[in-house]
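Peer 1: no sequence for this one, just the structure:
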């Protein structure tokens, strides 16, 4: 909720002031600050899950039960909807003055892009889909390594700040085409708000029904990024060194335990994938 509140508020300020009170970078930074603060608030409560693509990826990894996927996703969409509703109330006068009271998706005075993402006019559906897959894949590839003990783990207290920088990097480099949603809830919640607040069904039918791209592509991109991390990084990391105080026999047992732990991880991973594909 906080990332949508900060980000959409910045977008409203920049848009309605015609970039006299902020610029494109302001929106990117606001979303990143929202991500960081939301993670610090909820990390030890829900694991800081506010992106369905991330939640789905952790379900695939077996780190989040599949039974939590739907409740988490619904909560994420609801939170984004409420946040964008609050932005709409705070910036109502500015939006109406800027748009002349005509709420639309097209034209120089459009205001729908304050809330949800829309593609640039030169983009095709296929390229838009690829854009969102790549952006979300990079997100997962970058955050999965942060707590990897066998690599270079980040200090736990700094992970929210590091994730915010990752989001900032992606939004600064991959948002020109489609706005870098990389989060189905961040896009769908505000889009539903615009549907109910006066923009009408145009927010779903515009650009050849483009709305499904930021809804589906990040889910696929997140899982692809997770597989890339597993295949090219996680499975190739060295086993942790045993403590120096262990004897030779204890060292052998220590390494054996680590191998068994890896086997258990792969087993749970395969079971998780099988369940997701509805195999018996």
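Peer 2: Cool, the structure landed. Computed from a predicted structure; not experimentally measured.

Peer 1: grab the nearest non-local neighbour of the most centrally placed residue in the chain.
Peer 2: The structure's the chain has its C-alpha centroid closest to residue 183; by C-alpha atoms, centre = their mean the separation is 3.9 Å. Leaving out its chain neighbours, the residue that sits closest to residue 183 by C-beta to C-beta, 6 or more residues apart in numbering is residue 51, at 4.4 Å. Any C-beta I mention is one placed from the backbone N, CA and C, and that applies to glycine too.

Peer 1: got the contact list for the one you found?
Peer 2: 76, 182-186, 218, 222 (C-beta atoms under 8 Å, 6 or more residues apart in numbering).

Peer 1: and for residue 163?
Peer 2: 35-36, 39, 143, 146.

Peer 1: neighbour-wise, which one of the residues you listed leads?
Peer 2: residue 35 (28 neighbours; other C-beta atoms under 10 Å).

Peer 1: who does the helix or strand hosting that one touch, helix- and strand-wise?
Peer 2: Assessed by DSSP states H and E, residue 35 sits inside helix 24-42. With contacts taken as 3 or more C-beta pairs under 8 Å, 6 or more residues apart in numbering; DSSP states H and E, helix 24-42 sits against helix 2-16, helix 159-173.

Peer 1: tell me which of those helices sits most buried.
Peer 2: Sort the helices and strands packed on helix 24-42 by mean neighbour count, taking mean count of other C-beta atoms under 10 Å, and helix 2-16 sits at the top with a mean of 24.

Peer 1: so for it, mean pLDDT?
Peer 2: Over the span of helix 2-16, the pLDDT mean works out to 93.

Peer 1: again with stretch 91-99
Peer 2: Mean per-residue pLDDT for stretch 91-99: 97.

Peer 1: for that stretch, list every residue counted as buried.
Peer 2: By 16 or more other C-beta atoms under 10 Å, the buried positions in stretch 91-99 come out as 91, 94-95, 98-99.

Peer 1: which ones among the residues you listed are found in helices?
Peer 2: Under the assignment DSSP state H, those contribute 94-95, 98-99 to helices.

Peer 1: from the residues you listed, pick the one nearest residue 236.
Peer 2: residue 95 (51.1 Å; C-beta to C-beta).

Peer 1: next, format the ones in helices among the buried residues of stretch 91-99 as a markdown table and append distance to residue 154.
Peer 2: Below are those laid out as a markdown table (distance: C-beta to C-beta, whole Å):
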| residue | distance to residue 154 |
| --- | --- |
| 94 | 39 |
| 95 | 39 |
| 98 | 41 |
| 99 | 43 |
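
Peer 1: residue 8: which of the residues you listed is nearest?
Peer 2: Nearest to residue 8 among these, with distances taken as C-beta to C-beta, is residue 95, at 11.3 Å.

Peer 1: for the residue lying closest to that closest one once chain neighbours are set aside, report the pLDDT, please.
Peer 2: Nearest residue to residue 95, sequence neighbours excluded (C-beta to C-beta, 6+ apart): residue 111, at 5.3 Å. At residue 111, the predicted lDDT confidence score is 97.

Peer 1: measure residue 111 to residue 128 for me?
Peer 2: Counting by C-beta to C-beta, to the nearest Å, the gap from residue 111 to residue 128 is 21 Å.

Peer 1: how about residue 102?
Peer 2: Counting by C-beta to C-beta, the gap from residue 102 to residue 128 is 26 Å.

Peer 1: sketch out the low-pLDDT regions of the stretch 101-250 of the chain for me.
Peer 2: For the stretch 101-250 of the chain, the stretches with pLDDT under 70 are 240-250.

Peer 1: mind listing the helices for it?
Peer 2: For the stretch 101-250 of the chain, the helices defined by DSSP state H, counting those that start in this stretch cover 125-143, 159-173, 184-194, 202-209, 213-232, 248-276.

Peer 1: so can I have CSV of those helices showing distance to residue 85?
Peer 2: Shown next, in CSV, are these (distance: least, C-beta to C-beta, whole Å):
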stretch, distance to residue 85
helix 125-143, 24
helix 159-173, 23
helix 184-194, 5
helix 202-209, 14
helix 213-232, 19
helix 248-276, 33
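
Peer 1: much appreciated, bye for now.
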